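A.B. asks: The sequence and its predicted three-dimensional model are supplied below.
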Amino acid sequence: MAEPQPTQIQEGDQAPSAIPGSNRSETAALNSLDNQSADSKSTNTASTAALGKAMKDLDIASEEKSEAKNVKVEMADVVLLAENLDVSRARATELLKANEADPIKAMRAWVAA
């Protein structure tokens with residue numbers, strides 16, 4: 001069962017704001033959105049190409065990091081760097097792996113950065 005409607009509302013009527021184009025400012029706003037979506041399609045192709053290039057560069061960088069991950073790091077060196085440089089153990093491990101597990105090179109790299 002439907003609820004009774006007020007007498008001024010007829011069946012099938014819509015609110016004026018719900019009718020598309022009932023307000024000129026609404027129509028202009030909708031048209032500008034349509035125009036923006038058409039413009040974004042042309043720039044989307046350039047963005048896709050730039051994204052593809054960036055992803056290729058990212059793959060190269062991740063391959064270089066995988067080589068550094070194979071370096072064996074001594075726990076004593078990690079603790080030494082973590083305490084003396086006031087960094088986390090994870091950061092100390094990254095520094096050591098990036099510098100051939102040499103704590104002196106790692107400290108110099110951290111100071112230079």
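C.D. replies: Perfect, I can see it now.

A.B. asks: Now do the contacts for the residue positioned nearest the centre of the chain.
C.D. replies: Central residue of the chain (Cα atoms, centre = their mean): residue 51, 12.3 Å from the mean position. Residue 51 makes contact with no residue under the criterion Cβ atoms under 8 Å, 6 or more residues apart in numbering. Any C-beta I mention is one placed from the backbone N, CA and C, and that applies to glycine too.

A.B. asks: Now it: phi and psi?
C.D. replies: phi -70, psi -40 (degrees, to the nearest 10).

A.B. asks: For residue 80, see how far away it is.
C.D. replies: Going from residue 51 to residue 80 by Cβ to Cβ, to the nearest Å gives 41 Å.

A.B. asks: With residue 53 instead?
C.D. replies: Residue 53 is 41 Å from residue 80, where distance means Cβ to Cβ.

A.B. asks: Equivalent analysis for residue 70, please.
C.D. replies: Per Cβ to Cβ, residue 70 is found 21 Å from residue 80.

A.B. asks: higher neighbour count, the two?
C.D. replies: The residue with more neighbours, out of residue 70 and residue 80, is residue 80; 16 against 7, by other Cβ atoms under 10 Å.

A.B. asks: Would you quantify the distance from that one to residue 96?
C.D. replies: Distance of residue 80 to residue 96, given as Cβ to Cβ: 10 Å.

A.B. asks: Residue 107 too?
C.D. replies: Taking Cβ to Cβ, one finds residue 107 at 10 Å from residue 96.

A.B. asks: remind me which residues of this protein are low pLDDT?
C.D. replies: Low-confidence segments of the chain, defined by pLDDT under 70, span residues 1, 11-22, 37-44, 59-69.

A.B. asks: secondary structure class for the most far-flung residue of it relative to its centre?
C.D. replies: Ranked by distance from the centre of the chain (Cα atoms, centre = their mean), the top residue is residue 7, with 53.7 Å. Secondary structure, DSSP: H, G, I helix; E, B strand; the rest coil: residue 7 is coil.
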